[in-house]
Structure formats: C-alpha cells, structure tokens
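**Q** Structure for the following, please:
(2 chains)
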2 protein chains.
Amino acid sequence: MQDLTIAIVGATGAVGTELIRIIEQRHPKLRHIKLLASSRSAGKRLTINGRELVVQETSDDAFKGVDIAFISVSTEVSRRLGPIAVAAGAVVIDDSSAFRMQPEVPLVVPEVNGADVTWHQGIIAIPNCSTTPVVMAGHPLHQVNPIRRITAATYQSVSGAGAAAVAELRAQTRQVLDGGQATPSALPNQIAFNVIPRIDSFLPSGYTREEQKMADETRKIMHAPEIAVSATCVRVPVSISHSAALHLEFTRPMPLAEVRKLLARMPGVRVLDNPEAGEYPMPWDVAGADEVFVGRIRQDQSHPNGIALWVVSDNLRKGAALNSIQIAEELVRRDCLRPRASPSRHK
Amino acid sequence: MQDLTIAIVGATGAVGTELIRIIEQRHPKLRHIKLLASSRSAGKRLTINGRELVVQETSDDAFKGVDIAFISVSTEVSRRLGPIAVAAGAVVIDDSSAFRMQPEVPLVVPEVNGADVTWHQGIIAIPNCSTTPVVMAGHPLHQVNPIRRITAATYQSVSGAGAAAVAELRAQTRQVLDGGQATPSALPNQIAFNVIPRIDSFLPSGYTREEQKMADETRKIMHAPEIAVSATCVRVPVSISHSAALHLEFTRPMPLAEVRKLLARMPGVRVLDNPEAGEYPMPWDVAGADEVFVGRIRQDQSHPNGIALWVVSDNLRKGAALNSIQIAEELVRRDCLRPRASPSRHK
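**A** Have a look, this model is predicted:
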C-alpha cells in the first residue's frame, strides 16, 4: 500500500480528517498523498505522515497519477468527480450515495463482502454510516440462520451531516443553555436538547431516503434481496457515533448463546453486553474506536424467531473513513487495483 | 371538582410542579389543597390558584380529610404512603410503578380505559410515561383491526428521571462544552452528548424494567393480554418529552387513510404529519402541550399488515400530571370518588 499514490477528496471535512488520522495509524510510510477540497478550503495546510501538505482545489486533472481516490464530498460533487477520477486511471472509493445502488458498482464492507471488490469497474462505494453496523452484526448471524426481517430505529450523531453540523450542535447548545433561540442552518431543525425524526429528504412511501438506503444497502451488501427492512432514522444531539435499536427475525429460533458466539468471532465486532455490571455500548465511549459494538442482546419476547440488539459504532471511522481504507487494503491484498472489467487498463 | 380537598405528594418534584400548573389551568377555583413533600422540601413556599402555601412534610396523618391524593414520589415511598392515604379515606392517584400491575388496581389512561376507574378500591395507578403515548396511538387502531405485535424504540427525556436529572443534563452539558469531565449522579452514565440504552434496572430476560413495564402496562390498559410487545428504552439528552419509533402489526392490512382518520378522531391525539412541509413532531416543540403527537405515519414496507409511526408527548403532562388530573375528573364525572368495593365507606 505504501507505494501507491492516493488522493483524499474532501480532506478538510469530518470524514477527510478521519481518513488522514487512520492513514497515519495504519500506513505511516505512505508518502504520495494529495489532499483535495473545494476552492473554499484550498490553501489550508494539513499534516499527514509527518509532512505538511497544502490542500489543493479539486481540478479535473487533479487525479493524474493517482492510484486510489478516496472521495468524501456531497453526492452531487461525487457524481461529477467519480467518473473524472476513473478516466484519469484512479480507483475511486466513494463515501456518497451517488453510486451505491448502481449494479456495476460494488458496495463493500470488507468483513461482510470483501470479495465484491474483485468485480469493480473503477468505482467502489461504501455504505451509509447507519447501514454498516447493521450488516456487521447481521451478517454472521444470517450465515447460519437466514434473517427474514429487520426493524431498526437509529440514534444518529450530527457528524453524519458533516463538520458544520458538529459545530452547530455545540454552538446551538450553548445558545440554548444561555436562554437564547436556536437558529438551525446545517440541520433542518433545532438539534440542541431535541431529536429530529428525519434524515435526508422524504420519498412518496413516507420513508426518508436515509431509511430507504438502510434497506437497499443492507440487502445489496449481504446479497440478500429477500430481507425485509423497515427503519426510522433519527438525529440525536450527539457529536460522534451512531446507535441503533434492532429487532432481527430469523428463519428459525436463534439461541442467544449462538448469537453471542457468532458475534464474538466476527472480525470488527465487539460484544459489550454485561448488564449487571452496567456494561452496554454508548456513543460517547465508542467515538474513536474501530469496532462495531453490540450490546443489549436478548431474545425478542414478541417474536418466536426474534432477537433484539443495540449496536453502536463511530460513524466517521467504521461508518466511513476506516471502511474506505479497509477497501483499499482489500484491493491491494487481492491485487484488484486495476478494474478487471476493462482489461486494457491492467498493468 | 372544586369542592374537593386534594393533596399533592411530591409537590416540589418535576411532576408535582406540573400538577400545580395544570390545576391552575383546569381548576382555578379549587381551594382546599395540601402540598406535601419529604422533610428536605418541607417549609418551601409555593403558589397555587393565587395563594401561597407552605409545603408540609408528609406525615402519616397528613391525609385526614383529603378526597384525592396525587402521589408522585419514588416507588418505595408510594408503596408506604398509598395504603396510609387510603386508610385515611382518600382516593390515591399514583404515578409510581408500586401498584400498576396489582389486579385490584385500575391502570388508567382516561381516553383509552376511563371506565376502569369505576372498580377502584382506593388506589388508581397511572402508567409509565413511555407507555401512555403507545396506548393513546394504539387504542383507536386496535378497536377496528386488532394489534398483534408492537415493537418500540424510545427516545426518553431526562425529566422522566426527575428534577435532579434535568439539572444534571444542563450542568453536565456546560461542563463538557467547557472541556470538563462529566460526573453522573442522577443518571447511571454521562447524558451530555450521549445516549444511554438503559432505563431502570435489568431483568433476567435482558430487558430492563422500563421495557417490561411498557409491555405489561400496554396490555393491561388496552385489555389485550394477547398483544406481543418488545421495547428498547433509551435516555437521550432532551429535557422534556418522550419520543418513540413504533412498528405496529395488525390482524389484517391497515390502510393509511384509515389510520389517519382514526387517529385524528381520537381525543388527546394530534396528527402532525406533513413531511413535504417539514412537519413531524419533535420533543422541543411538544414540551408543554397536552396532546400525544403522531407523525411519520407510513405503511411498514417490511410487513404486509404493518404500519410505522413516530409518537411524541410531554412526559410530565400527558405522561404524568395531566393524566392524573384527568383521572380525578373521570372519578368525579362518574361519581366514583368513594371505592365501590368497600361499600361501608360510601357516603
């Protein structure tokens, strides 16, 4: 990995910042790095792997010589930049919803469907940060007892809406504590001392796009189009880490001992479930951690084949930046950096 | 109602404060009022219906001459005071979990099962503040298409844990904003910029008592022991109003138009569901309101007979104080102030 040239597009954003941190932890010898952003952030200086780099504006020829481009910007900007980067010869690992559901684009959580990187055609998408913990917890169970239905209610942190929303939560909270009025800007409603049952826009079904993404992406990543999914996605006044209360319905009854054993064995999952000792995962504790934490594991007393779970993960790390880096590592390990579907571009 | 003598036990607490406010709004001519509390709060002066009253310590003979005693204290203290108040001739309307599941104690949400006040034997219980919105939304639908199963994930405000928890949220939030460490006291964990997937203590099933209450109380109030219920109860950094994401499964498919019609007709329920205009209920807006607000109404795409809902209500008002006052009004209206089961005590 250390001989590659990489670009981080959106380097000054919430996920970009985390990408830099994770590269420093996992690939400290990687030296050929381009930090790209919008014109607004161009000129800023950031340190990565011991060197100070100037953030450049993302021009159309910025991707020349780049092997892997990590793109974490708005869906609209991704839609424009993705093909440009691919045309320049880069493999794109994209964090937006621009490409996720395109049939020719693998949507990958390496621990679940790492092999899907092999059929990429230049772009690999990572799932929405609320989907990742669901498939990380659901996949190992689904292997032994197929999941029929998932209902989810999420408790999503503001960093999922970007760095501006994190700043808004802090500033607005102080304002409200001081008796002032909240003036929402990055988020659709007041978030201080409030929860917002709406993330992204509404579909005719009454579900939000975020809720629909959880359903569609879960099925695609798990190769399980038959799983029924219904989610309610809610923004809560937390800075980092998304939580979710899940009800899973299986084909057959699912003994708790087996659930615990399977989850404990799953790479990237950590079971934290010791109620008597007051141990269950919480977003404040999980922020900064790599694993998806699972707790509150119990037999669903309302369904003979059901279990209930509580999952928490750092939406900027496993939910975004870490998953992107893991996909890059998977590409290198499997020697799939050049798209297989266009053989002329193989080295 | 205005000729009665009432006592408010726990007058200085979060619910007691709200009881005083609601009496001023609904029964401004009520004059015979005793404000009772623990020795710690005795001596405080509070104004109600234009008169300043001194809060008295709740002694064993404090209930002499009292017609209705509203008790909102800890379960342990309720367990002790309830029978004392009844022995003194009062009807007790109790806000704790001490008596709720006792077969001889009606558990009442007047809009749902107001007639249950008729068989009281001195004590009437009000449900947990997370149960009330579920039965208010579920009852009118259950009447036309029996509910088979309810799954719920709650977003409960800190005022459900009392006035000390409200103060803790504010103080701790400021501390964390200033870079300090949180030191939980009223709540089991840090609540500032965090969510806690645990309310009350754990049962051997893995559910918490709060979650089990939601199941048991819902069935008792709705006279529907056959409804399967599974809840995950979570504390969020909100001061007032509990929210919940609900999935309801019916006996037959449930058309949305019918759901909306039935909910719109239900007294005490207000449908606020206009996604295009950005209208959905949120705790910050609902605090101080009497109604249970229902929004995000949609066909559950994961179940043929299912719908999904989002409910929000002020846990101190409809979730506690208002419901208690409504029970008192129901007792007066039905002329059931004296217990029917002990005829010697009828006037």
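**Q** For A:R260, grab the count of nearby residues.
**A** 14 (other C-beta atoms under 10 Å in any protein chain shown). C-beta here means a position set from N, CA and C on the backbone, and glycine is covered the same way.
**Q** all helices of the stretch 201-347 of chain A, in order?
**A** A:209-221, A:256-265, A:283-286, A:322-333 (DSSP state H, counting those that start in this stretch).
**Q** So for chain B, which of these sits nearest?
**A** Nearest to chain B, of all the helices of the stretch 201-347 of chain A, is helix A:283-286, at 3.9 Å by C-beta to the nearest C-beta.
**Q** Tell me which other helices or strands the closest one touches.
**A** strand A:306-313 (3 or more C-beta pairs under 8 Å, 6 or more residues apart in numbering or on different chains; DSSP states H and E).
**Q** A:E104 versus A:I327, what's the distance?
**A** 16 Å (C-beta to C-beta, to the nearest Å).
**Q** As CSV, could you dump the C-alpha coordinates of stretch A:141-148?
**A** Extracted in CSV, the C-alpha atoms of stretch A:141-148 (Å, rounded to 0.1, in the frame of the first residue of the first chain):
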residue,chain,number,x,y,z
LEU,A,141,-26.0,-14.5,12.1
HIS,A,142,-27.5,-14.6,8.7
GLN,A,143,-24.9,-17.2,7.6
VAL,A,144,-26.3,-19.8,10.0
ASN,A,145,-29.9,-18.7,10.2
PRO,A,146,-31.2,-16.5,7.4
ILE,A,147,-32.6,-13.2,8.5
ARG,A,148,-36.2,-12.6,7.2
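**Q** for that stretch, what is the average pLDDT?
**A** Stretch A:141-148 shows a mean pLDDT of 98.
**Q** The closest residue to A:K44 other than its chain neighbours: neighbour count?
**A** Nearest residue to A:K44 in three dimensions, chain neighbours excluded: A:V55, at 4.5 Å (C-beta to C-beta, 6 or more residues apart in numbering or on different chains). Per other C-beta under 10 Å, the neighbour tally for A:V55 reads 20.
**Q** For chain B, what's the nearest residue on the stretch 1-150 of chain A?
**A** A:R149 (5.1 Å).
**Q** what's near enough to touch the closest residue to A:L246 other than its chain neighbours?
**A** Of all residues not flanking A:L246 in the chain, A:L309 sits nearest, at 4.6 Å (C-beta to C-beta, 6+ apart). For A:L309, the contacting residues are A:A137, A:A245, A:L246, A:L248, A:V294, A:G295, A:R296, A:I297, by C-beta atoms under 8 Å, 6 or more residues apart in numbering or on different chains.
**Q** May I see those arranged in JSON lines, with pLDDT as well?
**A** Formatted as JSON lines, these follow (pLDDT from 0 to 100):
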{"residue": "A:A137", "pLDDT": "98"}
{"residue": "A:A245", "pLDDT": "98"}
{"residue": "A:L246", "pLDDT": "98"}
{"residue": "A:L248", "pLDDT": "98"}
{"residue": "A:V294", "pLDDT": "98"}
{"residue": "A:G295", "pLDDT": "98"}
{"residue": "A:R296", "pLDDT": "98"}
{"residue": "A:I297", "pLDDT": "98"}
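**Q** Pick the one among the residues you listed closest to chain B.
**A** Using C-beta to the nearest C-beta, the contacts of A:L309 come closest to chain B at A:A245, 3.8 Å.
**Q** The closest one is in contact with B:V195, isn't it?
**A** No - between A:A245 and B:V195 there is no contact under C-beta atoms under 8 Å: 10.2 Å.
**Q** intersection of neighbour lists for these two?
**A** A:Y155, B:V234.
**Q** thinking again about what came up before, switch the helices of the stretch 201-347 of chain A over to TSV; also include distance to B:P83 and mean pLDDT.
**A** Below are these laid out as TSV (distance: least, C-beta to C-beta, whole Å; pLDDT from 0 to 100):
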stretch	distance to B:P83	mean pLDDT
helix A:209-221	49	98
helix A:256-265	40	98
helix A:283-286	43	98
helix A:322-333	58	97
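**Q** do you know which of those lies nearest B:R209?
**A** Shortest distance between B:R209 and the helices of the stretch 201-347 of chain A, using C-beta to C-beta, is found for helix A:256-265: 19.5 Å.
**Q** tell me the angle the closest one makes with strand A:306-313.
**A** Here helix A:256-265 runs at an angle of 20 degrees relative to strand A:306-313 (axes from the mean of the first three to the mean of the last three C-alpha atoms, to 10 degrees).
**Q** Tell me which other helices or strands helix A:256-265 touches.
**A** With contacts taken as 3+ C-beta pairs under 8 Å, 6+ apart, helix A:256-265 sits against helix A:132-144, strand A:269-271, strand A:292-299.
**Q** Report the buried residues of that helix.
**A** If you call a residue buried by 16 or more other C-beta atoms under 10 Å in any protein chain shown, then helix A:256-265 has these buried ones: A:V259, A:L262, A:L263.
**Q** Output those in TSV; the columns should cover distance to A:A125.
**A** Shown next, in TSV, are these (distance: C-beta to C-beta, whole Å):
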residue	distance to A:A125
A:V259	29
A:L262	27
A:L263	25
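**Q** Leaving out the residues flanking it, which one is nearest to the residue most central in space within chain A?
**A** Nearest residue to the geometric centre of chain A (C-alpha atoms, centre = their mean): A:G319, 2.7 Å. Residue nearest to A:G319 in three dimensions, not counting chain neighbours: A:C129, with 3.1 Å by C-beta to C-beta, 6+ apart.
**Q** One more: A:A224?
**A** Counting by C-beta to C-beta, 6+ apart, the residue nearest A:A224 is A:H142, at 6.6 Å.
**Q** quick one, what contacts the one you found?
**A** A:H142 makes contacts with A:M222, A:A224, A:I227, as judged by C-beta under 8 Å, 6+ apart.
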